[in-house]
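Enquirer: predicted model and sequence below, questions to follow.
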Protein chains: 2
Amino acid sequence: MSDTVVVGLDIGGTSTRATALTLTGRRVGTGRAGGGNPTSHGAQRAAVELLTALRAALADLDPARVVAGTIGLAGAARLLADPAGRAAFDRAWHDAGLRCPYAVHGDALVAYASGTAALDGTVLVAGTGAITAQVHELRLDRIADGHGWLLGDAGSGFWLGREAVRRLLADLDAGRAPGALATTVLTELLGSADIAAHPRDTVDATIQVVTRRPPIELARLAPLVVDAATDGDPVATALISEAAAHLADSVSRIRPADAVTPVVLGGGLLTANTPLAAAVRAEIARQWPDTPLCTAGDGAVAAAWLAARELPEVTDPAALHARLFATT
Amino acid sequence: MSDTVVVGLDIGGTSTRATALTLTGRRVGTGRAGGGNPTSHGAQRAAVELLTALRAALADLDPARVVAGTIGLAGAARLLADPAGRAAFDRAWHDAGLRCPYAVHGDALVAYASGTAALDGTVLVAGTGAITAQVHELRLDRIADGHGWLLGDAGSGFWLGREAVRRLLADLDAGRAPGALATTVLTELLGSADIAAHPRDTVDATIQVVTRRPPIELARLAPLVVDAATDGDPVATALISEAAAHLADSVSRIRPADAVTPVVLGGGLLTANTPLAAAVRAEIARQWPDTPLCTAGDGAVAAAWLAARELPEVTDPAALHARLFATT
C-alpha cells in the first residue's frame, strides 16, 4: 500500500499545482506551473501547464505507481464538454507517463474537500470572483453566484476593487477630501494622490486608467481595501461589511436555513486572516449557529484525496483526510 | 432680423439632429443623420453624420444667412482637445457651406438649455448612461457620475438592465419561480422563459448571451424594467426606486442643499412619462422643495438657442427661449 501513489492537481488562474501522495499521507512529489484556467487561457495552454506541474511532481517517482488522479479546475464542466480540450488533457496525462484514469472536478469542490472530509456541506470561495456551492456526496449540487464580474461575483475581489474606485470617484465628484482608502487607490492607479485643480480631470484620469485595462484587474485593488479596513478606515470597513453581506446572501440562496453541515471558506480573501474572513465567519455563525466553519487548505492535496478515497484500499477516507492534511 | 438664421446640432449616440431657426423662432430647416458620438464612433465618422444632418437642415436655405451655430455632443471636451477631430468638424462645417464660427458644448449643457433659459441650475440626464451637472452661467460647472458603465452610471439604463439580469440570476440560483420581470428578461435574452431541468444551465446560457455582447447592450433591457414597474411588478418597482435613489444621490453630490435654481431632467429614462421619472421627481421635490423641475426638450433647438443668445440682436434670450420652445 505504501507503494501506491495518487496525484492531485489544482489548476488555477495564476498557478497550477500538483501533488503526489502515498496513501499513508506522505508527500512524494510536488510540482508547480503557470496559470492554466482553461476558460481564460484555453484548454491547450492549460494542458501545457498541467504537464509541467505533473512532470515536476513525478520527477522522483515511477509513474506506474500512480493509480489514480484528480484535476480540480475552474470551468471543469466546460472542459468536459469540449472534446478537443479533453483530448489535450488526455495527451498531457499520457505524456507525463501516467496510465491510470483521472477525474476532473470544479475548483469549488476541490476547495470544499480541502476544508473537510464531510460528504455534504457548503463551500464559499471568494478570490478574484465569488461562488458558493452546496456539496452533496462530494459532488457539486446547487450553485449560487459565480456569475462573473459583469453580472455577479458580489463581494469578490473584483467587487471590492470596483467599489473602492466608485467611492473614490464619488468623493472627487462631491469635492470631499479623499480618506485613507481613496488615497491609496488614487496612488495605486495614478502614481500620486494629488487631485487636479479641476477634480474632474482626476476623475477622468482615474476612469481612463481603469478602462484601459481588462476590467478583472480591478480585483488587484482588493488588498488595498482589506488593508485599509484592517487599519480602521471607515469607508473600507463599510465595504468589507457590504461584501460579507453579499457573500452570506449567496450562501443563503442555496443553503437550507436549518443545515448543520460544515461550511468551508476558500479563496484568497477568506483563507487569510482578513477582516472580510472575520465578517463572513460572524455572519455565517449568526445565520447557522451550529455549523462547523472550516478554512480551505491545499487544493492539490484535496484533489489527491478525492482520487484516493475512491480506491478500494482506502477504507476510512475521513481518517486519510485527517492524515493528509496533518502532514501538509 | 428675420433673415438671420442660427443652426443647432445635437449629436447623440443613436442619431444626429440639426435645426435651423430664425431669431423669431421659426424653424426653417431640420436634418437627421446617424449616431455620431465621437467617443464611441470616432470624430471622422461623427463629422460625416454632422455634414449629412447639416446639409438636410440647410437644403432650402442660403447658408450665408446662418450667422452662428452650436454643436452639442457627448465627449465635447475630448473633441476640443483632439486637433484631428476638430479639423474634421471644421471641414464638415465648411463643406455644408457655412462660414460662421460654431461652438461645441457637452450634451449635458444642451439638455439643460432645452429645459430652461435660467443661467444657473442643475441637469440630470439618464439614458444609457447617467450624468449630473451643475450649470453656472450656461457653462457646465461641477459634474457627478457620468463615470461609464464599469465604474458608474448608477441608476442609468445600463444599470437597470444589469440589475434586472442580476435579480433573474439570483432567482435561478435560489430556485425561485421567476416573476414578471425575470420572465420578460429571460424571454428577451434566450427566446423563451423555460428553465432547464438543471437551472444552472439556464444561468450559464443567460451569462453567455450577455457576455458575448458589448456590456453596454444591457441598457436595452431597461425598457423591460420600466414596463414591468408600470405594470406593478414588485422586483421592477424596487429596482426603479433604487435607480431613483442613485440618480438623486448623484444630484446631491454637487447641488447645494439650499439651491432653488431649476433642475432639468433629460435622457430617455427621464423625459418620458415613466415610473423612474416620477420617482426622481418625487425625490428631488423632497430634497429641494422650492425647485422648479423642468423636462429636457429638443436638443437641436436648444443648441440653436445657445448660438442665438450670443448675438447682439438677441436682447431677451429668455423670451427667445420661450418662443423657440413654444414653436417646437
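Expert: Right, received. Where do you want to start?
Enquirer: so what's whatever residue of the stretch 1-150 of chain A ends up closest to chain B up against?
Expert: Closest residue of the stretch 1-150 of chain A to chain B, CB to the nearest CB: residue A:144 (4.2 Å). (Each C-beta comes from the backbone N, C-alpha and C, glycine too.) By CB atoms under 8 Å, 6 or more residues apart in numbering or on different chains, residue A:144 lies in contact with A:131, A:132, A:133, A:250, A:251, A:253, A:254, B:173, B:174.
Enquirer: which members of those are positioned in helices?
Expert: The helices, defined by DSSP state H, take in A:250, A:251, A:253, A:254, B:173, B:174 from those.
Enquirer: before we move on, back to that, want to throw the contacts of residue A:144 into TSV with distance to residue B:97 and neighbour count?
Expert: Formatted as TSV, the contacts of residue A:144 follow (distance: CB to CB, whole Å; neighbours: other CB atoms under 10 Å in any protein chain shown):
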residue	distance to residue B:97	neighbour count
A:131	61	28
A:132	65	26
A:133	67	29
A:250	62	28
A:251	67	23
A:253	63	21
A:254	67	19
B:173	60	23
B:174	63	15
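Enquirer: kindly reformat the residues you listed as TSV containing distance to residue A:270.
Expert: Output for the contacts of residue A:144, formatted as TSV (distance: CB to CB, whole Å):
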residue	distance to residue A:270
A:131	12
A:132	11
A:133	14
A:250	13
A:251	12
A:253	17
A:254	17
B:173	19
B:174	22
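Enquirer: close to chain B: what parts of chain A are there?
Expert: A:142-145, A:147-148, A:150-152, A:162, A:165-166, A:169-170, A:173-175, A:200, A:203, A:207, A:210-211, A:215, A:250, A:253-254 (CB under 8 Å from any CB of the partner chain).
Enquirer: apply 6 Å and report the result again.
Expert: A:143-144, A:147, A:150-151, A:165-166, A:169, A:173-174, A:200, A:207, A:215, A:253 (CB under 6 Å from any CB of the partner chain).
Enquirer: buried subset of the residues you listed?
Expert: In the residues of chain A next to chain B, burial by neighbour count holds for A:143-144, A:147, A:150-151, A:165-166, A:169, A:173, A:200, A:207, A:215, A:253, counting by 16 or more other CB atoms under 10 Å in any protein chain shown.
Enquirer: domain-wise, how is chain A divided?
Expert: Per the record, chain A has its domains at A:5-114+A:297-327, A:119-296, by automatic domain parsing.
Enquirer: now do the end-to-end distance for the last one.
Expert: Pointing back at domain A:119-296 there. 15 Å (CA to CA, to the nearest Å).
Enquirer: average pLDDT across that domain?
Expert: For domain A:119-296, mean pLDDT is 95.
Enquirer: show me how far that domain is from its chain's centre.
Expert: 13 Å (CA atoms, centre = their mean, to the nearest Å).
Enquirer: got the phi and psi for the residue nearest to the spatial centre of chain A?
Expert: In chain A, the centroid-proximal residue (CA atoms, centre = their mean) is residue A:267; its distance is 3.6 Å. Torsion angles at residue A:267 (phi, psi; degrees, to the nearest 10) stand at phi 90, psi 150.
Enquirer: which residues sit against the helix or strand hosting residue A:181?
Expert: Here residue A:181, judged by DSSP states H and E, is contained in helix A:180-190. With contacts defined as CB atoms under 6 Å, 6 or more residues apart in numbering or on different chains, helix A:180-190 is touched by A:164, A:168, A:171, A:193, A:205-206, A:209, A:221, A:224, A:228, A:233, A:235-236.
Enquirer: and the residues you listed, which is closest to chain B?
Expert: So of the contacts of helix A:180-190, ranked by how close each gets to chain B (CB to the nearest CB), first place is residue A:206, at 8.2 Å.
Enquirer: now that closest one. Nearest residue, chain neighbours left out?
Expert: Leaving aside its sequence neighbours, residue A:206 sits nearest to residue A:189 (CB to CB, 6 or more residues apart in numbering or on different chains; 5.7 Å).
Enquirer: what comes up buried for the very next helix or strand once past the helix holding residue A:181?
Expert: Remark: after helix A:180-190, the chain's next helix or strand is helix A:199-212, criterion DSSP H and E. By neighbour count on 16+ other CB under 10 Å, the buried set for helix A:199-212 is A:199, A:200, A:202, A:203, A:204, A:206, A:207, A:210.
Enquirer: what angle separates helix A:199-212 from helix A:180-190?
Expert: Here helix A:199-212 points in a direction 60 degrees away from that of helix A:180-190 (axes from the mean of the first three to the mean of the last three CA atoms, to 10 degrees).
Enquirer: show me what the helix or strand just after helix A:199-212 is packed against.
Expert: Scanning forward in sequence from helix A:199-212 by DSSP H and E, the next helix or strand is helix A:222-230. The helices and strands touching helix A:222-230, judged by 3 or more CB pairs under 6 Å, 6 or more residues apart in numbering or on different chains; DSSP states H and E, are helix A:157-174, helix A:180-190, helix A:234-254.
Enquirer: what do you get if the cut-off is 8 Å, keeping everything else the same?
Expert: helix A:157-174, helix A:180-190, helix A:234-254, helix A:275-287 (3 or more CB pairs under 8 Å, 6 or more residues apart in numbering or on different chains; DSSP states H and E).
Enquirer: so what strands line up beside the helix or strand following the longest one?
Expert: Looking back up the chat, that one is helix A:234-254. Counting by DSSP H and E, the next helix or strand C-terminal to helix A:234-254 is strand A:263-266. In the sheet, strand A:263-266 lines up against strand A:121-126 (parallel), strand A:293-295 (parallel) (DSSP bridges).
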